[in-house]
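Q: Task: produce atomic coordinates for the following.
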Amino acid sequence: NMHSKLLKYSNDLEKKISKKTAELEQNTYTHFLSALPNRNRLLEDSSIYEFKQMALLNIDKFQKFNDVYGEDIGNVALKLSADFLNSKIDDKNAFLYHIGGDEFVIAVKDSIKLNNTLFINKIEDILKSYRRESFIYEDKKFNFMMSAGLAFSGSQKMMAYADMALKDAKKRNVGMSIFNDDKEL
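A: Next up is the predicted model:
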């Protein structure tokens, strides 16, 4: 009868809507390539958690690699890099974000286990093992390097501080730079 048809229609519609909503949410907060939380999620999380430490990681000379080998292989490399980083995050207070092309953020909310020194060591360790990691694609073998900018304060400005530190690391060609509170690197 008409009533049950309408009811079914209404239920189907609700299902469709919640599926669409979930998809939108997924697209809004997830990086399409790595399925990691993206920049939007990071910005939102930054206002929820008081992040104590943040590292902005960037693959060196990645644009060149993309130009030479093409975006498809580039995307594979990014996906593998994301998986690699993900495998290195073992603290439940540490979060990994894929915030753009070849940029990732590791942010830590109040962690008893990870003080600043340990965090620095952790990031150094990640950079070192990433350098040793070979990415195999078809018959090619690739090795990449990452640079990192670290910040330990600034709440809303933390991201900007980490970015300044990263730019400094790249400029001086050192693997890592840390932003200090006295606005000096």
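Q: give me phi/psi at the closest residue to residue 39 other than its chain neighbours?
A: Using CB to CB, 6 or more residues apart in numbering and skipping the chain neighbours, the partner closest in space to residue 39 is residue 99 (4.1 Å). For glycine as for every other residue, the C-beta is placed from the backbone atoms N, C-alpha and C. In terms of degrees, to the nearest 10, the main-chain angles of residue 99 are phi -100, psi -10.
Q: try residue 175
A: For residue 175, the backbone dihedrals (degrees, to the nearest 10) come out as phi -70, psi -30.
Q: what's near enough to touch it?
A: Listed by CB atoms under 8 Å, 6 or more residues apart in numbering, the contact partners of residue 175 are 124, 127, 145-148, 169.
Q: neighbours around the residue nearest to residue 39, how many?
A: For residue 99, the neighbour count with other CB atoms under 10 Å is 21.
Q: Against residue 59, how distant is it?
A: Taking CB to CB, to the nearest Å as the measure, residue 99 falls 13 Å from residue 59.
Q: Next one: residue 183, what pLDDT does it get?
A: Note on residue 183: pLDDT of 54.
Q: quick one: buried residues of the lengthiest helix in the chain?
A: Taking DSSP state H as the criterion, the chain has its longest helix at helix 2-29. Residues residue 29 are the ones in helix 2-29 that count as buried (16 or more other CB atoms under 10 Å).
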